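Colleague: from the sequence below, what's the structure:
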Amino acid sequence: MTSTLISSCTDVFSANYVGDLGGVPVDLPKNLVHLVEYDGDPAWGKKREGAKPTRSYDSKINSFGFDMRYTDHTIFDESSKEIKRAYDEEKNLPNSPWISVSVTSGDRYYGAGDIHRMGDGALNPSKEAGPVHEYENLDNDQYGLEAYAPPGIDPKTDRPYREDRYAEDVFIQRDKTGQIITYIKCSNRDVPRPPCSHRFNLEPQMALDLAVQYSRHNLADWQQIEQVVRQQVLNFRKTS
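Modeller: Numbering: from 1, shown residues only. Below you'll find the model as predicted:
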């Protein structure tokens, strides 16, 4: 579903960031996205040397972000008082429908299979990582995902490592070949909105990674979240 917010934007360079996103020309409305960076931009905190390049659809975009309400596809628009009011009222709810999306591409994209490498690395950490970051498969899947958690008891506290303030559960989805294509880590902290970080990519349509942040209370909706985010990024493709 194409956001009505995007369709209302004027399709001109002054209203959009333009560039190549994962091999596809895109228009990114300036009122909807933030922190847009291109290959060759100075590192964070560094000053640009020389004149700022003129951007075209050949300019490689390597990162940007946006926030959206996944339940109805509304993208956060700072110019909209109505959306800002709804965001302020809902953002701190335990099951807030607002999610934060980070997109990485260009020279920040590590290629097809990187989600598998990240997930596999988390499930098979180095010994230096410590027992709170070791994992064993739980007997039951959760929401259609393989679930993993730190096993054992911390002898210093006599409490499960899973209850450590830095402990996280890992949830993964595999394709038919066994490759990890969805990798989610969720905090176990006893807080109103324990955070989840949900990663997947847009191969083969676009060469990019997506990282989505939301409350663990919304984990059951992971498939809906993934579908909505995927479609929204595809909606940024140049249409004419």
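Colleague: how far is the lengthiest helix in the chain from where the chain is centred?
Modeller: Identified as the longest helix of the chain according to DSSP state H is helix 222-235. Per Cα atoms, centre = their mean, to the nearest Å, the displacement of helix 222-235 from the mean C-alpha position of its chain is 10 Å.
Colleague: quick one: residues in contact with that helix.
Modeller: 1-3, 6, 21, 66, 68, 70, 73, 75, 99, 101, 103, 143-145, 171, 182, 184, 198, 200, 202, 205-206, 208, 210, 212, 214, 218 (Cβ atoms under 8 Å, 6 or more residues apart in numbering). In this view, the C-beta of every residue, glycine as well, is placed from N, C-alpha and C.
Colleague: can you check stretch 29-43 too?
Modeller: 5-6, 9, 15-17, 19, 28, 48-49, 53, 55, 59-66, 75-79, 106-107.
Colleague: compute the first-to-last residue distance for it.
Modeller: 23 Å (Cα to Cα, to the nearest Å).
Colleague: return the set of buried residues in that stretch.
Modeller: 29, 31-33, 36-38, 41 (16 or more other Cβ atoms under 10 Å).
Colleague: before we move on, what about stretch 227-239?
Modeller: For stretch 227-239, by 16+ other Cβ under 10 Å, it's 228-230, 232-233, 235-236.
Colleague: after the host helix or strand of Ile115, next one along is what?
Modeller: In this structure, Ile115 is located in helix 114-123 according to DSSP states H and E. Per DSSP H and E, the first helix or strand lying C-terminal to helix 114-123 is strand 136-137.
Colleague: which ChimeraX command selects the buried ones in the contacts of helix 222-235?
Modeller: Applied in ChimeraX, the following selects the buried portion of the contacts of helix 222-235 according to 16+ other Cβ under 10 Å:
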select :3,6,21,66,68,70,73,75,99,101,103,145,171,182,184,198,200,202,206,208,210,212,214,218
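Colleague: among the contacts of helix 222-235, which lie within strands?
Modeller: 21, 66, 68, 75, 99, 101, 103, 171, 182, 184, 198, 200, 210, 212, 214 (DSSP state E).
Colleague: touching, the second one and His73? I think so.
Modeller: No. If you go by Cβ atoms under 8 Å, Phe66 and His73 don't touch, sitting 11.8 Å apart.
Colleague: partners of Arg237 in the sheet?
Modeller: Beta-bridge pairing for Arg237 (DSSP bridges): Val26.
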